[in-house]
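**Student:** The sequence isn't on hand, but the structure is:
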């Protein structure tokens, strides 16, 4: 898709793998893309969990430590609430409250982000640490990149860190 | 061809996200009728459409504080 040179840009660093913060990140991202902005979402550290192909708890990686970490933190379905998580019960309750008030759920927001053509980039360094391969992640991950690439692509963009 | 979209049960950002996605699937020159609530959707949907170069042909208030917007791609 060709973009005019003066198109407004928003880059969102998704560092936190918290459920509520991920909802905020995808809300801003989809809202920005729908209002004609070029959006890049850069997923690093705990944020990478939202990009895993397997959305539950899977022992991904080669070393015992990485496999244990990946199993314990899980995928999109296991993101904890940043406060009052109550051992994972709160994200389920929060999702039902969101549904009750006609607010889009996290999977709906993620789907909308893909439909809007939001650029999804995974952090190479975090992938190395957690031993997550590109093949372990959803097909919509367009690039695996480092901070220099992210900063180059985000020149003249609003950068939001969540 | 005229398309129709009811976003009265949607909340931000899905109000203008759904309009954007619907317009993306339409051909140039086609029209989209959008039923929306007053307030945030009424402020943002016409504005975001015009920013993207689409024409807002009409904006009529209906019953129950709703509005019917006609947009041409």
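**Tutor:** Alright, I've got the coordinates. Please read these numbers as outputs of a predicted model, since none were measured by experiment. Numbering: from 1, shown residues only, chains lettered A, B, ... in the order given.
**Student:** For chain B, which segments are assigned as strands?
**Tutor:** With DSSP state E, the ranges of strands along chain B come out as B:2-6, B:31-37, B:55-61, B:66-72.
**Student:** for chain A, same thing?
**Tutor:** Going by DSSP E, chain A shows strands at A:9-14, A:38-43, A:119-123, A:141-145, A:157-161.
**Student:** possible to save these as TSV with mean neighbour count and distance to chain B?
**Tutor:** Using the backbone N, CA and C atoms, a C-beta is placed for each residue, glycine as well. Formatted as TSV, these follow (neighbours: other Cβ atoms under 10 Å in any protein chain shown; distance: least, Cβ to the nearest Cβ, whole Å):
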stretch	mean neighbour count	distance to chain B
strand A:9-14	23	13
strand A:38-43	23	12
strand A:119-123	23	16
strand A:141-145	16	18
strand A:157-161	15	14
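**Student:** Columns mean pLDDT on top of those strands, output as a markdown table?
**Tutor:** A markdown table is the format used below for the strands of chain A (pLDDT from 0 to 100):
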| stretch | mean pLDDT |
| --- | --- |
| strand A:9-14 | 98 |
| strand A:38-43 | 97 |
| strand A:119-123 | 97 |
| strand A:141-145 | 96 |
| strand A:157-161 | 97 |
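**Student:** Reformat the ones you listed as CSV; add distance to residue A:59.
**Tutor:** Formatted as CSV, the strands of chain A follow (distance: least, Cβ to Cβ, whole Å):
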stretch, distance to residue A:59
strand A:9-14, 23
strand A:38-43, 20
strand A:119-123, 19
strand A:141-145, 20
strand A:157-161, 30
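**Student:** Identify the residue nearest the geometric centre of the chain.
**Tutor:** Let's take chain A. Centroid-nearest residue in chain A: residue A:50, 4.7 Å away (criterion: Cα atoms, centre = their mean).
**Student:** you looked at the wrong chain, it should be chain B
**Tutor:** Closest-to-mean residue, chain B, Cα atoms, centre = their mean: residue B:34 / 4.1 Å.
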